[in-house]
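[1] just to be clear, the model below is a prediction. Sequence and coordinates:
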Amino acid sequence: MSNHVTRLIETLRAPESGVPKAWTSTEAELGTSLPGDYKELIDRLGGGRAEEYLYLLEPDSPNPHYDLVAHTRERAEAYEEIWEVEEKPAELRAEGSRILPWATTDNGEWLFWLALPGQHPDAWTVMLNEARGETWEHYDMNCTDFLHAALTGEIRSDVLWSRFPLPRHVFAKFSPES
């Protein structure tokens, strides 16, 4: 078990009630392996809403609105169109680089992994894109370290909601109607 994931779960004050996922089939659908910290987080906690605002995507989510594979496809198509009229962030200009979503917000911001060519998924870093805008932020850390740092105030994003994080952390698992 990862200390990073344990620390994040403790920060969220969330009960461990995840159900291990079929990562092999998910990764086959995505055409790539996924970071180990994310897989451990989802296996231990499950997907859900953090801080009444941020939604952790998961494969085969009980709520199809937050399915990792579906959003990966949808975001790839959306950004292909967007980058015909907007400039790609500098981090994505390398041939073969891509972004994969791992969380979204009520407001429409997206949290992505930045996957560079030849890079192991455990080395992927975090990129955020503002809702309905061209502002991007890059954080040289994995998704669980980013979430922990954002929840504890160690880092502050200009893209995420100005009231994030809440003074008392909240996590609610997805249900079919959530």
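    Cool, got the structure. Residues are numbered from 1 along each chain as shown.
[2] what about the residue nearest to R7 when sequence neighbours are not counted, distance to P117?
    Using C-beta to C-beta, 6 or more residues apart in numbering and skipping residues adjacent in sequence, the residue nearest R7 is H148, 5.8 Å away. (Glycine included, C-beta is placed from N, CA and C.) For H148, the distance to P117 (C-beta to C-beta, to the nearest Å) stands at 28 Å.
[3] helix, strand or coil: sort out the residue sitting furthest away from the middle of the chain for me.
    The centre of the chain is farthest from one residue, V85, which by C-alpha atoms, centre = their mean lies 25.0 Å away. V85 falls in the coil class when you classify it by DSSP: H, G, I helix; E, B strand; the rest coil.
[4] and H148 and P117? Which one has more around it.
    Neighbours were counted for H148 and for P117 using other C-beta atoms under 10 Å; H148 has more, 21 against 9.
[5] how about the strands of this structure, start to end?
    With DSSP state E as the criterion, the chain has strands at 48-50, 54-56, 98-105, 110-115, 125-129, 136-139, 171-173.
[6] which one, of the ones you listed, ends up nearest to H4?
    strand 125-129 (13.2 Å; C-beta to C-beta).
[7] give me the contacts around that closest one.
    Applying C-beta atoms under 8 Å, 6 or more residues apart in numbering, the contact partners of strand 125-129 are 89, 91, 99, 109-114, 135-143, 146, 157, 159-160.
[8] could you check the angle that strand makes with strand 110-115?
    Counting by axes from the mean of the first three to the mean of the last three C-alpha atoms, to 10 degrees, strand 125-129 lies at 140 degrees to strand 110-115.
[9] ok, A131 - contacts?
    T105, N107, G108, E109.
[10] surely the second one touches V159?
    I take that to be N107. No - counting by C-beta atoms under 8 Å, N107 stays clear of V159, with 9.7 Å between them.
[11] the more surrounded of the two?
    Legend: neighbour count by other C-beta under 10 Å for N107 and V159, higher for V159 (19 against 14).
[12] which pLDDT does the model give that one?
    V159 is assigned 92 on the pLDDT scale.
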